[in-house]
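Student: show me how the following folds:
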Amino acid sequence: GWGGLWLSVSLLGPDPFSTSHIWARYLLGLPGTLMTAAGLLSHRVQVAESRFPGAATNIQLAGVGFVAYGILSGLIVPGGQFFPATVLNYENFQQVVGVPVQLLRAVSAVVIMVGLTRLLRIFDWEARRALHAARNDLETRVSERTSELVETNERLKTAIIERTKLEEEILRTKKLESLG
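Tutor: Numbers count the residues shown, from 1 in each chain. Sure, this is the predicted structure:
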């Protein structure tokens, strides 16, 4: 498969390390970042329909950042002895665009970071909101249970007082019968 092709081409070339590096970008870096972007962007639709519409924008931002990063790091590679590395490489990119590809990759990484950081803040807010609701529910339940216990305690005190009175009455009655 792809691994065999990668290994064959890498070992047969004049610089096996550089060739392996380039093939790793083509076969792992590019597909990995594009699949990440596809996953984020497809999930964006579900999130947009939720109660967090801002999350969809942040997911889209991160997804677009992954697409850019994938292209800039998976297709634009160091110069190599085979196509497409002979055309899509660092030197040619800088000549055409005027800036090093590494600078644009760094910008893409920042875009990814901003999108994911904002997304995580939304999830953190949601977790805090859920925790606050759970705490309020617990406080209500504790208050209700405390009220029930207070009522039960009052009934028990009343029952004890009545029982004590009955016991005293029985004792008086027995004393009067023994005297009488």
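Student: list the contacts for the closest residue in space to residue 77 that isn't next to it in sequence?
Tutor: Nearest non-adjacent residue to residue 77, counting by C-beta to C-beta, 6 or more residues apart in numbering: residue 22, 4.7 Å away. Heads up, the C-betas are built off the backbone N, CA and C, glycines and all. The neighbours of residue 22, taking C-beta atoms under 8 Å, 6 or more residues apart in numbering as the test, are 77-78, 80, 85.
Student: tally of neighbours for residue 50?
Tutor: 10 (other C-beta atoms under 10 Å).
Student: in a helix, it, correct?
Tutor: No: counting by DSSP: H, G, I helix; E, B strand; the rest coil, residue 50 is not part of a helix but coil.
Student: quick check: phi and psi on it?
Tutor: Dihedral angles of residue 50 (phi, psi; degrees, to the nearest 10) stand at phi -80, psi -170.
Student: okay, it and residue 79: tell me how far apart.
Tutor: Using C-beta to C-beta, to the nearest Å, residue 50 is found at 46 Å from residue 79.
Student: one more: residue 113?
Tutor: 29 Å.
Student: give me the three-state assignment for the residue nearest to residue 77.
Tutor: Quick answer, by three-state DSSP: residue 22 is helix.
Student: lowest pLDDT pick from the contacts of residue 22?
Tutor: Least confident of the contacts of residue 22 in the model: residue 80, at 87.
Student: which secondary structure elements does the longest helix seen in the chain sit against?
Tutor: Ranked by residue count, the top helix of the chain under DSSP state H comes out as helix 101-179. Applying 3 or more C-beta pairs under 8 Å, 6 or more residues apart in numbering; DSSP states H and E, we find helix 101-179 packed against helix 53-74, helix 90-97.
Student: tell me how far the residue most central in space within the chain lies from residue 39.
Tutor: Nearest to the geometric centre of the chain sits residue 120, at 6.3 Å (C-alpha atoms, centre = their mean). Residue 120 sits 16 Å away from residue 39, going by C-beta to C-beta.
Student: re earlier: quick one, which of the helices and strands packed on helix 101-179 is nearest to residue 144?
Tutor: helix 53-74 (35.7 Å; C-beta to C-beta).
Student: quick check: buried residues in that closest one?
Tutor: Within helix 53-74, the residues scored as buried using 16 or more other C-beta atoms under 10 Å are 55-74.
Student: do stretch 86-95 as well
Tutor: Here stretch 86-95 shows 88-89, 93 as buried, counting by 16+ other C-beta under 10 Å.
Student: again with stretch 118-133
Tutor: Quick answer for stretch 118-133 (16+ other C-beta under 10 Å): 118-119.
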